[in-house]
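Chemist: coords below, sequence missing:
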């Protein structure tokens with residue numbers, strides 16, 4: 001008998017009057033906000049403007065959601081288009097079903113559009129938001145917990161996930177919490193990218209490629225543990241093959257990019273440095289004399305007095321010289 005386990009929520013949705021508040025949607029929304037917040041901090045540290053990450057996210061997030069849903073529907077089409085299924089369910093994104101591969105691919109298209117409109121290099125933007133995306137995935141995985149989905153093989157470990165729902169072929173019991181494994185893995189990936197970026201000054205998309213490669217490593221073994229229905233090729237789940245292929249592409253990109261474009265971009269957002277200089281100059285011009293250092297203000301106030309004293313001394317000398325000359329002339 002398993003005395004310790006992670007309980008599943010009895011309901012994945014709470015109704016506020018007629019309005020449904022779904023746990024899955026909340027996790028996705030919170031993840032997006034955290035990703036934008038962290039990406040904005042990293043973008044400013046790289047020399048970009050505040051708010052640029054959010055402006056481009058307006059393009060990237062919708063594209064990413066559509067791409068994630070398309071990947072899920074295409075790879076699991078039998079859930080929506082087979083006999084006895086309702087194809088309308090393919091649009092019910094709140095019920096779960098987002099493929100990270102499609103989300104990143106189409107989200108990159110949206111980010112490219114946003115970057116192009118701002119004159120910003122996409123690789124630099126991708127490097128800034130890479131850790132935030134990993135954290136967003138970590139938060140988003142808890143949406144699967146609300147829906148009682150994406151768990152692994154049966155287990156009696158103390159951290160097993162207890163499934164109570166019997167809908168869609170589920171069998172109540174305790175299973176490996178693969179959603180939790182992936183959530184923790186994504187947090188580790190985010191920390192790895194942040195550390196590596198500071199240590200090696202990654203640029204030109206290499207921080208993003210590191211995130212992709214590290215995520216794929218974790219996704220491979222976590223995917224292998226899952227027991228939900230999936231397409232298999234040569235004994236491996238489709239997502240395992242996808243993880244291996246994307247991992248190789250990410251590693252190849254890092255190697256080639258390091259040789260072709262070593263170092264990091266000097267400028268990530270045109271004009272951002274000029275804005276900072278203009279603000280500094282404006283602040284200096286508008287400074288109140290009262291705000292200046294006390295010694296500096298006093299010295300400037302004393303300067304006119306010193307000039308007056310010098311003028312008086314010079315006048316006295318001139319008068320003395322004049323009197324001496326007159327005396328000499330009288331004697332002669």
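Modeler: Cool, got the structure. As the structure is a prediction and not an experimental result, all values here were calculated from the model.

Chemist: what sits against residue 185?
Modeler: 215, 218-219, 222 (Cβ atoms under 8 Å, 6 or more residues apart in numbering). Using the backbone N, CA and C atoms, a C-beta is placed for each residue, glycine as well.

Chemist: top of these by neighbour count?
Modeler: residue 215 (28 neighbours; other Cβ atoms under 10 Å).

Chemist: follow-up on the earlier one: and the contacts of residue 185 as TSV, adding secondary structure and distance to residue 228?
Modeler: Formatted as TSV, these follow (DSSP: H, G, I helix; E, B strand; the rest coil; distance: Cβ to Cβ, whole Å):
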residue	secondary structure	distance to residue 228
215	helix	20
218	helix	18
219	helix	14
222	helix	12
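
Chemist: Now the two most distant members of those residues.
Modeler: The two members of the contacts of residue 185 with the most space between them (Cβ to Cβ) are 215 and 222, at 10.2 Å.

Chemist: Double-check residue 139 against residue 30; I have them as touching.
Modeler: Yes: counting by Cβ atoms under 8 Å, residue 30 is a contact partner of residue 139 at 5.4 Å.

Chemist: Which one's more surrounded, those two?
Modeler: Of the pair residue 139 and residue 30, residue 139 is the one with more neighbours under other Cβ under 10 Å, namely 21 against 15.

Chemist: so which helix or strand takes in the more buried one?
Modeler: If you go by DSSP states H and E, residue 139 is part of helix 122-140.

Chemist: State the next helix or strand along the chain beyond that helix.
Modeler: helix 142-146.

Chemist: Tell me the helices and strands packed up against that following helix.
Modeler: helix 23-45, helix 178-200 (3 or more Cβ pairs under 8 Å, 6 or more residues apart in numbering; DSSP states H and E).

Chemist: So for it, mean pLDDT?
Modeler: Mean pLDDT, helix 142-146: 92.

Chemist: partners of the very next helix or strand once past it in the sheet?
Modeler: Toward the C-terminus, helix 142-146 is succeeded by strand 161-163 as the next helix or strand (DSSP H and E). The strands that strand 161-163 pairs with in its sheet are strand 6-7 (parallel), strand 173-175 (antiparallel) (by DSSP bridges).

Chemist: pLDDT (mean, whole number) over whatever helix or strand comes next after the shortest one?
Modeler: In the C-terminal direction, the helix or strand that comes right after strand 6-7 (DSSP H and E) is strand 13-16. Across strand 13-16, pLDDT averages out at 74.

Chemist: returning to that earlier point: need the contacts of residue 185 in JSON lines (columns: distance to residue 189 and pLDDT).
Modeler: Shown next, in JSON lines, are the contacts of residue 185 (distance: Cβ to Cβ, whole Å; pLDDT from 0 to 100):
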{"residue": "215", "distance to residue 189": "5", "pLDDT": "98"}
{"residue": "218", "distance to residue 189": "7", "pLDDT": "96"}
{"residue": "219", "distance to residue 189": "10", "pLDDT": "95"}
{"residue": "222", "distance to residue 189": "12", "pLDDT": "93"}
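
Chemist: Kindly reformat the strands paired with strand 161-163 as a markdown table containing distance to residue 208.
Modeler: Output for these, formatted as a markdown table (distance: least, Cβ to Cβ, whole Å):
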| stretch | distance to residue 208 |
| --- | --- |
| strand 6-7 | 32 |
| strand 173-175 | 33 |
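
Chemist: Where does the prediction get shaky in the protein?
Modeler: Within the chain, the stretches with pLDDT under 70 are 1-3, 273-332.

Chemist: Tell me if I'm right that residue 156 and residue 174 touch.
Modeler: Yes: using Cβ under 8 Å, residue 156 makes contact with residue 174 at a distance of 6.3 Å.

Chemist: between the two, which one's more packed in?
Modeler: Neighbour count, other Cβ under 10 Å: between residue 156 and residue 174, residue 174 has more, with 19 against 12.

Chemist: Apart from its chain neighbours, what residue comes closest to the more buried one?
Modeler: Residue nearest to residue 174 in three dimensions, not counting chain neighbours: residue 160, with 3.8 Å by Cβ to Cβ, 6 or more residues apart in numbering.

Chemist: I'd like the distance between that neighbour and residue 219.
Modeler: 21 Å (Cβ to Cβ, to the nearest Å).

Chemist: ok, now residue 86?
Modeler: 30 Å.

Chemist: circling back to that earlier point, among the strands paired with strand 161-163, which is the most enclosed?
Modeler: Across those, the average number of neighbours (mean count of other Cβ atoms under 10 Å) peaks for strand 173-175, which reaches a mean of 20.

Chemist: what sits against the nearest residue to residue 127 once chain neighbours are set aside?
Modeler: Residue nearest to residue 127 in three dimensions, not counting chain neighbours: residue 207, with 3.9 Å by Cβ to Cβ, 6+ apart. Shown in contact with residue 207 (Cβ under 8 Å, 6+ apart): 126-127, 130-131, 193, 196-197.

Chemist: helix, strand or coil for residue 207?
Modeler: helix (DSSP: H, G, I helix; E, B strand; the rest coil).

Chemist: just the one 3 residues further on next, same as before
Modeler: Following three-state DSSP, residue 210 is assigned to helix.
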